[in-house]
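Chemist: Sequence first, then the predicted structure, then my questions.
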Amino acid sequence: MVLPPLMGALRDDDDAVRDTAAKALAKLGETAVAPLMQALRSENDLVHNGASQALGLIGRAALPELMQALDDPQAT
């Protein structure tokens, strides 16, 4: 599956690699939402920002999980 390598690429030091990974994850749509939601909790700013970018690009398909995260007291 392509998801684990793309999630790992969100940690890359190269901006272009992270941007490409976020865009590729966004193209996966709903399949990538759950792992991206977990990545939002990362203390690594690169991972957190990449996940945010990808979820924004996914759009409406990510909204239910994003709305649920707003009610989560453990969400950062």
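Modeler: Structure received. Since this is a predicted model, take the numbers as computed values, not measurements.
Chemist: Which residue would you name as the spatial centre of this protein?
Modeler: Nearest to the geometric centre of the chain sits Ala51, at 2.4 Å (CA atoms, centre = their mean).
Chemist: ok, it - contacts?
Modeler: Counting by CB atoms under 8 Å, 6 or more residues apart in numbering, Ala51 makes contact with Leu10, Ala22, Leu36, Met37, Ala39, Leu40, Ser42. The C-beta positions use only the backbone N, C-alpha and C, and glycine is treated the same way.
Chemist: pLDDT below threshold where in the chain?
Modeler: The chain contains residues with pLDDT under 70 at 74-76.
Chemist: all helices in it, in order from the N-terminus.
Modeler: Listed in chain order, the helices found in the chain under DSSP state H are 3-9, 15-28, 30-39, 45-58, 63-70.
Chemist: Excluding chain neighbours, what is closest to the residue nearest to the centre of the chain?
Modeler: Ala39 (3.6 Å; CB to CB, 6 or more residues apart in numbering).
Chemist: wait, isn't the one you found in contact with Gly50?
Modeler: Yes: using CB atoms under 8 Å, Ala39 is in contact with Gly50, at 7.2 Å.
Chemist: Spit out the residues that contact these two alike.
Modeler: Leu10.
Chemist: Compare neighbour counts for those two and give me the winner.
Modeler: Gly50 (28 against 22; other CB atoms under 10 Å).
Chemist: Next one: that one from Asp71, what distance?
Modeler: From Gly50 across to Asp71, the span is 24 Å (CB to CB, to the nearest Å).
Chemist: cool, Pro35 as well?
Modeler: Distance from Pro35 to Asp71, by CB to CB: 20 Å.
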